[in-house]
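Chemist: Could you work out the structure for the sequence below:
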Amino acid sequence: MTARAPAHVLLAERLDRVRDARHIVLRAPVGSGITQTLADVIARTAASGFVLVVSSRRDLLEQWTIVLRSHGVAPVRLLNPDLALELASLSPTEPRRGVLLTTTLDVRRGPVRLALQSLPLALFLLDALPRPDSATLPAVISIVDRAHRTIVVDREPNEGMPSWLHHPVLVQLTLAEAINMSGERHVSPEDYLVTLGPAERSVFQQAATLLRKRDGIRSRPALHSALMQLISGGQETSRDNLGRVDMAWSLVDSLEGLGPDPRLAAMTEAVLHRRQFGPVIVVTGSLRAEVEYVRAHLAAHGIRTMEWTLQDPPKAPVVTADSSPYPVIVATPNGLKVDESLLQDATLVYFTKPRSNADRSWLLSALHTGVARAAVLPVDEPPVTAES
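Modeler: Numbering: from 1, shown residues only. Reported below is the predicted structural model:
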């Protein structure tokens, strides 16, 4: 088992001190071991009762599934309608233990909602606070009222506490504490330059207008995927839809005729430079197509790669004594969050910049607490002309 960092130990101690509290709000930055600490709590509780883990996102549930199974927790099951009906019919003598995972959408509808009205819960773990105006909140409150114990993970903390929890206890590890305990200095992301030609810029600008994406789409595989989705969903016979589909097909043709991708070339140069100093993880977007796109390019340049996604996380740490040169990991943003220990001493080279606030916050916390050694982000610039 990987030795726990001081921040991990402190967070676990603080949580243990309030183990008798019925309602807990947990706040801690990346690098503080929040997932592993909660996995320990879940494993102990699930040995003798039901633990319900609820998240708004299925990819986060997949993360929990991977982490909990690595802890030896059994059974870990997705609470779908079929399982809900099975659990609702359990006799009092049948075993009532293990971990059930479901989404905030499912807890307020159908068999899952009905099963949760009678299912005894030793622990309810809510991974992220619902908005105060969310349609899910009444269903969440109903589960909180019935669960023996509730832990709410506040991933984007504000000043207030959720008013719908009765006398909640706050367990908190601040970013400053995590940084101080890691012994790391402040680290900021570096940049690498991507020079985009006029044809490339034109295709992406036209696509952003067509797709009504104010912030645009950064990579070729992501743009191709978005255009094909528009084409497959725009088959209605209205003149506007047909015109948009025709434009999408035209942009797909233009995209495929652009030639070598300057983003791949610049990323590969950044990878080769950083690889001299230790392991490198290339961070793509969330699409599997982007992972394969980057991996194929690196492989064509003779660079050994490994894949790091929710479905296929590495089974061993990135840093091993006999890995020279280190294989380059190609990861999705959510794949990175499955096991922070695999990031240790790695440089993150982003294929495209992180888009969401959550991903940007995660990156800064990972750098400040020393979970990752460094990060390098692309900066897009137009080509240099003779006149300039």
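Chemist: CA only for contacts and neighbour counts going forward, please
Modeler: Fine.
Chemist: Stretch 64-79: which residues count as buried?
Modeler: Neighbour-count burial for stretch 64-79 flags 64-68, 73, 76, 78-79 (criterion: 16 or more other CA atoms under 10 Å).
Chemist: which residues of the chain fall in strands?
Modeler: 23-27, 50-55, 76-78, 98-103, 123-127, 150-153, 169-172, 190-195, 280-283, 305-308, 328-331, 347-350, 374-381 (DSSP state E).
Chemist: from the middle of its chain, how far away would the third one be?
Modeler: This points to strand 76-78. Relative to its chain's centre, strand 76-78 lies at 19 Å (CA atoms, centre = their mean, to the nearest Å).
Chemist: what's the answer for the second one, then?
Modeler: For strand 50-55, the distance from its own C-alpha centre to the chain's C-alpha centre is 18 Å (CA atoms, centre = their mean).
Chemist: tell me the angle of that strand relative to strand 123-127?
Modeler: Relative orientation of strand 50-55 and strand 123-127, computed by axes from the mean of the first three to the mean of the last three CA atoms, to 10 degrees: 10 degrees.
Chemist: what's the most buried one of the strands of the chain?
Modeler: Compared across the strands of the chain, strand 280-283 shows the largest average neighbour count, a mean of 28 (mean count of other CA atoms under 10 Å).
Chemist: Report the strands that pair with that one, each with its relative direction.
Modeler: strand 328-331 (parallel), strand 347-350 (parallel) (DSSP bridges).
Chemist: What score does the most centrally placed residue in the chain have for pLDDT?
Modeler: Nearest to the mean C-alpha position of the chain, by CA atoms, centre = their mean, lies residue 334 at 2.6 Å. pLDDT, residue 334: 76.
Chemist: follow-up on the earlier one: quickly name whichever of the buried residues of stretch 64-79 is closest to residue 55.
Modeler: Closest to residue 55 out of those is residue 64 (9.8 Å), distances taken as CA to CA.
Chemist: circling back to that earlier point, from the buried residues of stretch 64-79, which two are the most distant?
Modeler: Going by CA to CA, the pair spanning the buried residues of stretch 64-79 furthest: 67 and 79, at 17.3 Å.
Chemist: Surely residue 155 is in contact with residue 30?
Modeler: No - Residue 155 is not in contact with residue 30 according to CA atoms under 8 Å; the separation is 9.7 Å.
Chemist: list the helices and strands the longest helix seen in the chain packs on?
Modeler: In the chain, with assignment by DSSP state H, the single longest helix is helix 239-256. Packing partners of helix 239-256 (3 or more CA pairs under 8 Å, 6 or more residues apart in numbering; DSSP states H and E): helix 198-211, helix 220-233.
Chemist: Counting neighbours, which bits of that helix end up buried?
Modeler: Neighbour count says helix 239-256 has 241, 244-245, 247-249, 251-252, 255 buried, by 16+ other CA under 10 Å.
Chemist: Output the below-cut-off pLDDT ranges for the stretch 201-350 of the chain.
Modeler: For the stretch 201-350 of the chain, the stretches flagged by pLDDT under 70 are 234-240, 309-325, 337-342.
Chemist: The stretch 51-200 of the chain: helices as residue ranges?
Modeler: For the stretch 51-200 of the chain, the helices defined by DSSP state H, counting those that start in this stretch occupy 58-70, 81-88, 110-116, 137-146, 175-182, 198-211.
Chemist: Contacts for the third one next, please.
Modeler: Which is helix 110-116. The contact list for helix 110-116, computed with CA atoms under 8 Å, 6 or more residues apart in numbering, reads 79-82, 84-85, 87-88, 106-107, 139, 143.
Chemist: Out of those residues, give me the one that has the most neighbours.
Modeler: residue 107 (25 neighbours; other CA atoms under 10 Å).
Chemist: Give the burial count for the residue lying closest to that one once chain neighbours are set aside, as a bare number.
Modeler: Spatial nearest neighbour of residue 107, excluding adjacent residues (CA to CA, 6 or more residues apart in numbering): residue 113 at 4.9 Å. Using other CA under 10 Å, the number of residues around residue 113 comes to 18.
Chemist: just to revisit the earlier point, what's the closest of the buried residues of stretch 64-79 to residue 208?
Modeler: residue 64 (34.4 Å).
Chemist: pLDDT score assigned to that closest one?
Modeler: So, for residue 64, pLDDT stands at 88.
Chemist: Please tell me how far it sits from residue 270.
Modeler: 32 Å (CA to CA, to the nearest Å).
Chemist: again with residue 277
Modeler: Distance, residue 277 to residue 270, using CA to CA: 12 Å.
Chemist: out of those two, which sits in the more crowded spot?
Modeler: residue 270 (21 against 13).
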